[in-house]
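In: predicted model, plus sequence, below.
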Amino acid sequence: MKIALRSRCNPVTGFLTGLMLCLFATTVLAQPITLQGNWNPAVKARLEKLIAANAGQGKICVFDFDNTTLCRDIGEATMAALNEAGILTKDKHYKCVDPDFVLDGKKISMATVENLPTYYEDFLSATKHHAMESTPYENGYGWVVQIMTPMSPADWLPYTEKAFSDGISEKDTKSAELKETKINGYRMPFFYPEMVDLYGVLLKNGYKVYISSASNVHTVRWMVLKKLNPRIQALHGKDLAIPPENVIGISCLMTDDRTGKLCKDPYLVRENEKYANLDKEELSHFHLTAQICHPMNGYYGKLANIMKYITVARPFLIGGDSSNDLPMMNYSENRIWVTRLEKMGYQKTLVKVMKNALPGEWFIQPTLYKKAPGFVSSQADLDKRLAIKPKKLAKANAVIKFLEQNGALSSF
């Protein structure tokens, strides 16, 4: 809503205008907020109160994509689909980004691994031997994008669509007995319904929503524009959407085959409307080089890109699920932590960060991403969903106990 104000007005007009603005703000703040889905009741109540109290002020909210917005990882699933199709294989690679190395006493190279995804999984752990290493997966995140050289985004987006298959894996939520839906060995993702609803509620109440992902930016933007926005609009209204320029991910320098110029995604998405809206013909003119665009959008690079492209002030709310997100989450005024109960290591890192974090609220929302995936509302809910998988239930309960003992989780 835009209200035009005259630069010069008499005191009565000024008073009435001010009164109107105050009444408008009060009306916005008075709107009750009700989040849908399987939230933990305590988290839900606190979050609803926070959103209502700060509505209508244009505050900034930033969310990770894989395993935060989505259950599971679309970047990895896209790689798996491309490998399955014979487009990305270990025989089609670039030595400059595929170094040989030793991991756990074993030499790893493209010549020795079974396939390209196997190399990727090993490469993710390549620098973990450093005792002070806090960003071990960073090189792997970049590598998954670099190996697409010299493809164009138009070449691989059909495989993102195949890897998602319109959220077919959401059926996995029905029972822990079901076999997990996979593509070439990788779990296929689906949207957390609670997060789709949350983004719609935020947009409807005057917040600005951004996505910050360590996956390939074009894959994530396609998912947001083609799959996430329609879901938001179906719930909350056709005028609500996350703009294409509000999606930040990992990208490489690209050549424009019409001009020979090197281009960067964060600027193209703001300058070229067809490119921003994923016009296939327009995208086909841009081809990846193996040169990563910096700051690379992982770990501390996520925070750097928030400062570069969004705001240098502390964002109002940031959501994430892994150590990759904690640098930007620490900087936020409020945080939603999507707590994967299969990941004890992530929760140990979380607790360390929370103890030394900047002031602000933490909302700890348990979830599962393997068997019976989805948000978990309570201990009773967890017990019911994993009753037929006692070993998995025991591991999840160990995570819950750890979080409770360290003051990170209560009222579960």
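Out: Structure received.
In: residue nearest the centroid of the chain?
Out: In the chain, the C-alpha nearest the mean C-alpha coordinate belongs to F65, at 1.5 Å (CA atoms, centre = their mean).
In: check which helix or strand it maps to.
Out: Using DSSP states H and E, F65 sits in no helix or strand.
In: and the helices in the stretch 201-350 of the chain?
Out: Taking DSSP state H, counting those that start in this stretch as the criterion, the stretch 201-350 of the chain carries its helices at 217-222, 229-236, 265-271, 273-276, 280-283, 300-309, 326-331, 344-355.
In: separation between the closest residue to the residue nearest to the centre of the chain other than its chain neighbours and E48?
Out: Spatial nearest neighbour of F65, chain neighbours left out: S213 (3.8 Å); criterion: CB to CB, 6 or more residues apart in numbering. No exception for glycine: its C-beta is placed from N, CA and C like everyone else's. Going from S213 to E48 by CB to CB, to the nearest Å gives 26 Å.
In: what about these two, which has more around it?
Out: S213 (31 against 16; other CB atoms under 10 Å).
In: list the contacts of G185.
Out: Residues near G185 by CB atoms under 8 Å, 6 or more residues apart in numbering: 80, 117.
In: go with 10 Å
Out: 76-77, 80, 83-84, 115, 117-118, 121 (CB atoms under 10 Å, 6 or more residues apart in numbering).
In: check L88 too.
Out: So L88 contacts 78-82, 115-117, 120, 144, 147-148, 151, 156, 159 (CB under 10 Å, 6+ apart).
In: out of these, who has the most neighbours?
Out: T78 (32 neighbours).
In: relative to M151, how far out is that one?
Out: 12 Å.
In: low-confidence stretches in the stretch 1-150 of the chain?
Out: 1-30, 93-94 (pLDDT under 70).
In: quick one, strands of it?
Out: 60-63, 70-71, 101-103, 106-108 (DSSP state E, counting those that start in this stretch).
In: T135: which of those strands is closest?
Out: strand 101-103 (16.9 Å; CB to CB).
In: before we move on, back to that, surely the residue nearest to the centre of the chain meets W222?
Out: No - the pair F65 and W222 fails to qualify as a contact (CB atoms under 10 Å) at a distance of 11.5 Å.
In: overlap of the contact sets of the two?
Out: 74, 228, 247.
In: what's the distance between the closest residue to the first one other than its chain neighbours and E170?
Out: On the basis of CB to CB, 6+ apart, the spatially nearest residue to I74 that is not a chain neighbour turns out to be P189, at 5.0 Å. P189 sits 9 Å away from E170 when distances are taken as CB to CB.
In: between these two, which one's more packed in?
Out: For P189 versus E170, the count of surrounding residues by other CB under 10 Å is larger for P189: 31 against 18.
In: quick one, what contacts that one?
Out: 65-67, 69-78, 163-165, 167-170, 181, 183, 223, 369, 373.
In: restricted to buried residues, select these in PyMOL.
Out: To isolate the buried members of these in PyMOL, using 16 or more other CB atoms under 10 Å:
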select buried, resi 65+66+67+69+70+71+72+73+74+75+76+77+78+163+164+167+169+170+181+183+223+369+373
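In: mind checking which of the contacts of P189 are in helices?
Out: Among the contacts of P189, the residues falling in helices (DSSP state H) are 74-78, 163-164.
In: compile those residues into JSON lines and extend it with columns for distance to G206.
Out: Listed next are those as JSON lines, based on distance: CB to CB, whole Å:
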{"residue": "I74", "distance to G206": "29"}
{"residue": "G75", "distance to G206": "31"}
{"residue": "E76", "distance to G206": "35"}
{"residue": "A77", "distance to G206": "34"}
{"residue": "T78", "distance to G206": "33"}
{"residue": "A163", "distance to G206": "34"}
{"residue": "F164", "distance to G206": "30"}
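In: how about the helices of the stretch 201-350 of the chain in a markdown table, adding mean pLDDT, mean neighbour count and distance to P136?
Out: Listed next are the helices of the stretch 201-350 of the chain as a markdown table, based on pLDDT from 0 to 100; neighbours: other CB atoms under 10 Å; distance: least, CB to CB, whole Å:
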| stretch | mean pLDDT | mean neighbour count | distance to P136 |
| --- | --- | --- | --- |
| helix 217-222 | 99 | 27 | 22 |
| helix 229-236 | 99 | 17 | 33 |
| helix 265-271 | 98 | 17 | 25 |
| helix 273-276 | 99 | 16 | 33 |
| helix 280-283 | 98 | 15 | 32 |
| helix 300-309 | 99 | 20 | 13 |
| helix 326-331 | 98 | 23 | 13 |
| helix 344-355 | 97 | 16 | 11 |
